[in-house]
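**Student:** Give me coordinates for this.
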Amino acid sequence: MLGRSVEAVQTRNFTGSGLGCYNLEVNSFTDTHMKNLLLLLACFLLFVSFAYAQKSSMEYLQDGSALYMNRDYKGAIKPYQKALDLEKKERKLERQWWIALVDNLGMAYGMTGDIKSSFAVFEYGVSVEPTYPLFYYNMACGYGELGDEENAIKWLRPAYKYKANMIAGERFPNAETDSSFAKFRDSEKFKQALAEMKSEK
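**Tutor:** Residues are numbered from 1 along each chain as shown. Got it, this is the predicted structure:
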């Protein structure tokens, strides 16, 4: 089709009639064709650059951890959340790093006062790793901060039940001295519940 248009223009150039109209048609066709090609090329380059620019979940985890270690909990949330979003799509992190990601993200939300988001993260963690104790423990801490003794005890029970499943090098926290449960420190109900948990094997 393009060849015929060019040939037609050449013929009309020799006759001298309709020159302007044919030139406009060919120029319009060529301009549109080139614009489409440039648009496709731009889209392709944008896709490639995005693919290369996309960080891995491990890189986001490292970014978040650098901020977390400097106690910038609010700043750590964004890279941690991006890492978790990627992991939800496709699990790539080794188990210990995945647990660290969920644990730190939930803690970061909690430290900034967003208990609701903290709960959502830890509940997701429990759904994937149901025998990891600190997800339960941190849920209990959240309820402790809210002054909800009943739910604090409820979530502490599985934490103690699975305490043997800690990752190597981790230490199980002491709920008796943990500041998250300071509101229940004089509660006989809380003391009795902890004593029962500790005695269970």
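
**Student:** which residues of this protein fall in helices?
**Tutor:** For the chain, the helices defined by DSSP state H cover 2-15, 19-53, 57-69, 73-89, 95-111, 115-128, 133-146, 149-161, 188-199.

**Student:** For these, which has the smallest mean pLDDT value?
**Tutor:** When these are compared on average pLDDT, helix 2-15 comes out lowest at a mean of 35.

**Student:** what's near enough to touch the residue lying closest to Ile77 once chain neighbours are set aside?
**Tutor:** Excluding its sequence neighbours, the residue lying closest to Ile77 (Cβ to Cβ, 6 or more residues apart in numbering) is Ala108, at 5.0 Å. Where you see a C-beta, it was placed from the backbone N, CA and C, and this is true even at glycine. Shown in contact with Ala108 (Cβ atoms under 8 Å, 6 or more residues apart in numbering): 64, 68, 73-74, 76-77, 80.

**Student:** and Ala108, how far is that from Arg71?
**Tutor:** According to Cβ to Cβ, to the nearest Å, Ala108 and Arg71 sit 10 Å apart.

**Student:** got it, and Ser199?
**Tutor:** Taking Cβ to Cβ, one finds Ser199 at 37 Å from Arg71.

**Student:** repeat for Pro130
**Tutor:** Using Cβ to Cβ, Pro130 is found at 30 Å from Arg71.

**Student:** Also Pro79?
**Tutor:** 15 Å.

**Student:** More neighbours: which of the two?
**Tutor:** Pro79 (23 against 10; other Cβ atoms under 10 Å).

**Student:** wait, what's in contact with that one?
**Tutor:** 60-61, 63-64, 67.

**Student:** which one of those is nearest Ile167?
**Tutor:** Set against Ile167, the nearest of those by Cβ to Cβ is Leu61 (15.2 Å).
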